[in-house]
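Colleague: for reference, the sequence and a predicted model appear below.
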Amino acid sequence: MRLDEVMDRYDTIVVGAGVAGLTAASLLARSGQRVVVLEARDRVGGRVWTDRADGHAMDRGASWIHGIDDNPVAAAATAIGMPTQEFTIGSFQPDGRPIAYFGPDAERLSDVATRSFAHDVHAADAAMQELVETSPPAATYAEVTEAALATQRWDDDRADRVREFFSHRTEEQLGAWIEDLAAHGLDNDLIDGDEVVFPDGYDRLPEHLAKGLDLRLGHIVSHVQWAADGVTVTADGGTFAAEYAVVTVPLSVLQSDDFIIEPPLPEPLTGALDRLEMNAFEKVFLSFETKFWDDRVYAIRQQGQGGEWWHSWYDLSALHGTPTLLTFAAGPAAKAIRGWDDSEVAESVLIQLRRLYGHRVQQPTEVHVTAWQDDRFARGSFSYMKVGATTDDHDNLATPVGGVLHIAGEATWTDDPATVTAAMCSGHRAAVNILGRDIRIEDAWGVPG
Ligand SMILES: Cc1cc2nc3c(=O)[nH]c(=O)nc-3n(C[C@H](O)[C@H](O)[C@H](O)COP(=O)(O)OP(=O)(O)OC[C@H]3O[C@@H](n4cnc5c(N)ncnc54)[C@H](O)[C@@H]3O)c2cc1C
């Protein structure tokens, strides 16, 4: 422990240099505060992480802005000059962009059959809206799905296709099994405008936000002690004192015994902490010598039992200049493959691709499987609402504690949780609460106005 750090007193300590922490720190520092950011990793960005090890920018964490209209992340990306590519498929849309669908028999669906299936999904979704609104607090997303299917006069096969689509959607959107998700769990999963991804990497955003900050990497925080007159934070690299603290560690770290807050958090934060959960969600990248799959499609989808784990592949070829497919191990599949090596995962995925494309399927030249579940500083990918949770639980988790302690991060933003946008907005809210006045979110990346 360095004596100068023990003696130093800051205006605000920010724990975590992900997008939430960096947004808060940037806004507070630009407002004239003395701010220090404590980050456990040896890099900034947290769950925004671009891997360039194989020569391409591969986003192993977040990739998408899920709707660029009125979105501060999109505004920041434009202001910073981050190149983007339209890829409006990141929210498990049934249609809207070309998708190659394969039926349960692994035969390619005709355009008519594809349109008819997408129409069924929209019909069930329309029925869902009222059913979700009127559902009891303990209802699961699976129960409202069944109720919505019951409103349609479909034969079993037709209902099965939509049922499995809804199940896969909860897995891909939230990394959760449909029976574990609250009926309201997808309420705020709305997309305004196109979705985009970043050919040069998402990490340009946190790197820009971090510029000029007093940033301490490799500082693993274990204790946060708060009182009416301020906060003391204990990290591997020293003890820091400040008038305020913004804690942005992921939900799962906040829930763990490795991160102690004293006195313990009061209500409504504790209830929210109990009802929100970190998911299981991994990315699987497969690169090939040549492209063997359907051309001019955003995604490939397989219906039926064969698609229980591997049902959707996203074509990243145009993004990375190499024939590359991205699929997700999400929810139960992510839990099941935990501990598998990359080649085992690839073989499991290839069995399904061979059902669709037969002998044309090649051995991948590169495979990469993420391991966010085993990442000590993430312990999962993003949060979801367990059965019994309410959408307010997100915002409630950010209720200021004792006027000095502020929790931020994707799990604390009701409007669009589990996203980079949520992280950024939550960091802005923490800064506003600390300063006690409105500030523009744009000041985090631009010249304060
Ligand atoms: C595989 C994957 C895919 C995703 N896809 C998308 C997507 O396409 N679009 C989208 O919008 N969102 C996506 N997300 C979610 C998005 O990445 C997160 O919502 C967002 O980045 C969270 O930001 P944050 O600042 O809240 O948390 P984090 O980025 O996790 O930042 C918290 C920081 O706290 C640090 N920390 C943890 N413990 C400690 C400790 N004890 N002491 C000090 N520091 C600590 C962490 O290292 C981290 O840097 C994805 C996430 C993953 C993992």
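Modeller: Received, thanks.

Colleague: C-alpha only now, for contacts and for neighbours.
Modeller: Noted.

Colleague: quick one: is the longest strand seen in the chain near the ligand?
Modeller: Residue-count comparison of every strand in the chain, with assignments taken from DSSP state E, identifies strand 238-247 as the longest. No. Shown here: strand 238-247 not in contact with the ligand (CA under 6 Å from any ligand atom), separated by at least 8.2 Å.

Colleague: got a list of contacts for that strand?
Modeller: When contacts are defined by CA atoms under 8 Å, 6 or more residues apart in numbering, strand 238-247 is touched by residues 1-2, 5-16, 21, 24, 229-234, 404-408, 430, 434.

Colleague: and it, which strands flank it?
Modeller: Looking at strand 238-247 with DSSP bridges, its paired strands and their directions are strand 9-15 (parallel), strand 230-235 (antiparallel), strand 405-407 (parallel).

Colleague: tell me which element the closest residue to L186 other than its chain neighbours falls in.
Modeller: Spatial nearest neighbour of L186, chain neighbours left out: T170 (7.8 Å); criterion: CA to CA, 6 or more residues apart in numbering. Element membership of T170 [criterion: DSSP states H and E] is helix 156-174.

Colleague: so which bits of that helix are buried?
Modeller: When neighbours are counted by 16 or more other CA atoms under 10 Å, the buried residues of helix 156-174 are found to be 159, 161-174.

Colleague: swap in stretch 228-248?
Modeller: Burial within stretch 228-248, assessed by neighbour count using 16+ other CA under 10 Å, is assigned to 230-235, 237-248.

Colleague: share the number of residues neighbouring V297, please.
Modeller: A count of neighbours around V297, defined by other CA atoms under 10 Å, yields 13.

Colleague: over to the one 3 residues further on?
Modeller: As a burial measure, the neighbour count of I300 was computed by other CA under 10 Å and equals 22.

Colleague: same question, T399
Modeller: T399 is flanked by 20 other residues according to other CA under 10 Å.

Colleague: next one: it from L265, what distance?
Modeller: According to CA to CA, to the nearest Å, T399 and L265 sit 10 Å apart.

Colleague: what's the answer for G331, then?
Modeller: Looking at G331 against L265, where the rule is CA to CA, the gap reads 29 Å.

Colleague: in terms of neighbours, single out the busier of these two.
Modeller: Each of G331 and L265 has its neighbours counted (other CA under 10 Å); G331 has more, 24 against 17.

Colleague: next SSE downstream of the longest helix seen in the chain?
Modeller: Within the chain, and with DSSP state H defining each element, the longest helix by residue count is helix 111-133. Using DSSP H and E, the helix or strand that follows helix 111-133 in sequence is helix 141-150.

Colleague: so which bits of the stretch 101-250 of the chain are right by the ligand?
Modeller: Taking CA under 6 Å from any ligand atom as the criterion, the stretch 101-250 of the chain approaches the ligand at residues 219-222, 248-250.

Colleague: show me how to select, in ChimeraX, the buried members of these.
Modeller: In ChimeraX syntax, the buried subset of those is picked out as below (16+ other CA under 10 Å):
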select :219,220,221,248,249,250
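
Colleague: tally of neighbours for the closest residue to R216 other than its chain neighbours?
Modeller: Closest residue to R216 in three dimensions, ignoring its sequence neighbours and counting by CA to CA, 6+ apart: L38, at 5.0 Å. One way to gauge burial is a neighbour count; for L38, by other CA under 10 Å, it gives 27.

Colleague: before we move on, what about G306?
Modeller: Residues contacting G306 under the criterion other CA under 10 Å number 17.

Colleague: quick one, what contacts it?
Modeller: With contact set as CA under 8 Å, 6+ apart, G306 has these partners: 104, 352.

Colleague: now do the SS call for it.
Modeller: On the three-state scheme (DSSP: H, G, I helix; E, B strand; the rest coil), G306 is labelled helix.

Colleague: likewise the one 4 residues further on?
Modeller: Under the three-state scheme (three-state DSSP), W310 adopts coil.
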